[in-house]
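Undergrad: sequence plus the predicted model coming up.
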Amino acid sequence: MPELPEVETVRRGLLPVMEGQVIARAQVNRPDLRWPFPPGMADRLTGARVNTLRRRSKYILADLSTGETLLIHLGMSGRMLISGTQVGGFHHDHPAPAKHDHVVLDMDGGARVTFNDARRFGAMDLLPTAGAEAHPLLSVLGPEPLGNDFHEHYLASRLKGRATPVKSALLDQHLVAGLGNIYVCEVLFRAGIHPARLARDISPAEAARLVPLIREVLAEAIEAGGSSLKDYRQADGELGYFQHSFRVYDREGQPCTTPGCTAHLHRIVQSGRSSFFCPICQR
């Protein structure tokens with residue numbers, strides 16, 4: 001599942017061809033993805049100008065001139081592909097329609113944005129821009145980890161008294177929005193915190209250390225273009241590169257990267273997800 005850096009990378013890739021542009025023609029090629037599309041979605045999108053393209057957690061939100069917002073979730077394999085314009089110095093012509101091109105947006109600037117999703121776990125919805133935060137998928141989210149509302153006092157207070165592993169707590173979207181398995185593993189390694197430690201045992205000092213490390217890891221991943229695992233691609237179709245900088249994730253059995261540490265990295269399963277850690281550096 002793409003995490004915050006991947007979604008932010010896609011949003012930034014879409015900005016030049018979508019924000020400020022009119023959707024000249026919208027084409028919807030099936031009735032649903034993970035959930036049914038809203039009624040008349042193609043007609044409601046056609047002719048609308050994209051005023052703002054923003055992100056909330058792992059959702060891309062396109063605020064339209066019609067007073068509605070297009071919500072996009074990439075799911076496990078969803079890709080937003082750009083064609084018919086110059087991206088990164090290369091011209092991308094419109095490709096032949098593909099089997100899993102479920103929604104196609106032709107922008108008045110000549111670009112085409114195609115939502116391709118082989119597994120169909122992605123989603124699109126239309127909601128009133130005014131009060132968008134009340135949408136069921138958005139209303140339950142915690143603060144953005146890169147925003148001002150996420151700080152050491154907030155994190156310490158939310159971890160206090162929780163009898164759940166700190167890894168699970170940081171994955172809780174009610175606590176903080178957008179963090180996923182890959183980057184929590186990387187953050188806990190840099191913080192020297194074992195993923196199985198209970199959240200209630202994290203000291204205020206450790207919580208204060210976690211906040212800047214979360215921001216640091218996310219910023220590095222966004223700068224590298226996100227992590228390319230399995231089906232993920234940027235909006236221009238290119239791979240991201242942060243996966244080459246993983247210090248623990250998916251490195252079971254390999255030497256710890258901490259200078260002087262002689263341990264090899266371990267893996268455990270927590271709530272059905274793999275956690276990677278150093279048994280010496282993380283306590």
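TA: That came in fine, so what should we check first?
Undergrad: when you work out contacts or count neighbours from here on, use the C-alpha atoms and nothing else.
TA: OK.
Undergrad: in the stretch 1-150 of the chain, which spans are strands?
TA: 23-28, 50-56, 59-64, 68-73, 79-83, 85-87, 90-92, 101-107, 112-116, 123-128 (DSSP state E, counting those that start in this stretch).
Undergrad: following element in sequence after the last one, please.
TA: Moving toward the C-terminus from strand 123-128, the next helix or strand (DSSP states H and E) is helix 152-159.
Undergrad: tell me what that following helix is packed against?
TA: helix 204-223 (3 or more Cα pairs under 8 Å, 6 or more residues apart in numbering; DSSP states H and E).
Undergrad: for the helix it packs on, buried residues please.
TA: For helix 204-223, burial by neighbour count (16 or more other Cα atoms under 10 Å) applies to 204, 206-208, 210-215, 217-218, 221-222.
Undergrad: closest one to residue 141 among the strands of the stretch 1-150 of the chain?
TA: Nearest to residue 141, of all the strands of the stretch 1-150 of the chain, is strand 50-56, at 8.8 Å by Cα to Cα.
Undergrad: out of the buried residues of helix 204-223, which comes closest to residue 62?
TA: The nearest member of the buried residues of helix 204-223 to residue 62, counting by Cα to Cα, is residue 222 at 19.9 Å.
Undergrad: check contacts around the closest one.
TA: By Cα atoms under 8 Å, 6 or more residues apart in numbering, the residues touching residue 222 are 5, 6, 8, 9.
Undergrad: okay, and which of the residues you listed map to helices?
TA: 5, 6, 8, 9 (DSSP state H).
Undergrad: now these in a markdown table, with pLDDT and distance to residue 75?
TA: Listed next are the ones in helices among the contacts of residue 222 as a markdown table, based on pLDDT from 0 to 100; distance: Cα to Cα, whole Å:
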| residue | pLDDT | distance to residue 75 |
| --- | --- | --- |
| 5 | 89 | 14 |
| 6 | 87 | 12 |
| 8 | 91 | 14 |
| 9 | 89 | 15 |
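Undergrad: so, low pLDDT: which residues of the stretch 101-250 of the chain?
TA: 226-244 (pLDDT under 70).
Undergrad: ok, back up a step: I'd like the strands of the stretch 1-150 of the chain as a markdown table, with mean neighbour count and distance to residue 185 appended.
TA: What follows is the strands of the stretch 1-150 of the chain, written out as a markdown table (neighbours: other Cα atoms under 10 Å; distance: least, Cα to Cα, whole Å):
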| stretch | mean neighbour count | distance to residue 185 |
| --- | --- | --- |
| strand 23-28 | 19 | 38 |
| strand 50-56 | 19 | 22 |
| strand 59-64 | 24 | 22 |
| strand 68-73 | 21 | 23 |
| strand 79-83 | 23 | 25 |
| strand 85-87 | 16 | 33 |
| strand 90-92 | 12 | 35 |
| strand 101-107 | 21 | 33 |
| strand 112-116 | 24 | 29 |
| strand 123-128 | 19 | 27 |
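Undergrad: still on that earlier bit, so which of the contacts of residue 222 comes closest to residue 110?
TA: Among those, and counting by Cα to Cα, the member closest to residue 110 is residue 9, at 21.7 Å.
Undergrad: what about residue 137, how many residues close to it?
TA: When neighbours are defined as other Cα atoms under 10 Å, residue 137 has 11 of them.
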